[in-house]
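Engineer: I'd like to go over a predicted model; first the sequence, then the structure.
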Amino acid sequence: MKLESYSSHPSLLFQGQHVPQDNLRVLAAAMNLSNHMMVSVPEQGLILRLLERDRTEGLSTRQLAELCEISIYRVRHLLLPLEKEGRIARDKMQKHHRWFLSEESVEIANDSNKEVFCLQQ
């Protein structure tokens, strides 16, 4: 069964969209929150934080799986949407991939770190 949703305000929600997630995106956009701050599942947030921590060398899929304590297959399932959205990038080194934050995500992380530093002073 296919469920379709409608909103009383047509600019906020369109036919066929996933209501809670899309409403959250509209709210985040209104609050000037970046896509980097929004993740689909908590593990994606953990992956982004780990990649931010190791941004110079990056991390392999296996390393991410061990650090997150989840399977390699689950990590791969979580990485692909992040790559598609442009939040992360991969570099194929020999046989395996190393994952890095995308340049845009690094800039966002740097800006938010500056804001936190200013708030702490």
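Structural biologist: Done, it's in. Numbering: from 1, shown residues only.
Engineer: And for Arg87, the neighbour number?
Structural biologist: Using other C-beta atoms under 10 Å, Arg87 has 22 neighbouring residues. The way it works is simple: take the backbone N, C-alpha and C, and place the C-beta from them, glycine included.
Engineer: Ignoring the adjacent residues along the chain, who's closest to it?
Structural biologist: Of all residues not flanking Arg87 in the chain, Ser105 sits nearest, at 5.1 Å (C-beta to C-beta, 6 or more residues apart in numbering).
Engineer: And Ser71, by the same measure?
Structural biologist: Distances taken as C-beta to C-beta, 6+ apart put Ala65 closest to Ser71, at 6.2 Å, once the chain neighbours are dropped.
Engineer: about what we covered before: got a pLDDT number for the residue nearest to Arg87?
Structural biologist: Looking at Ser105, its pLDDT is 74.
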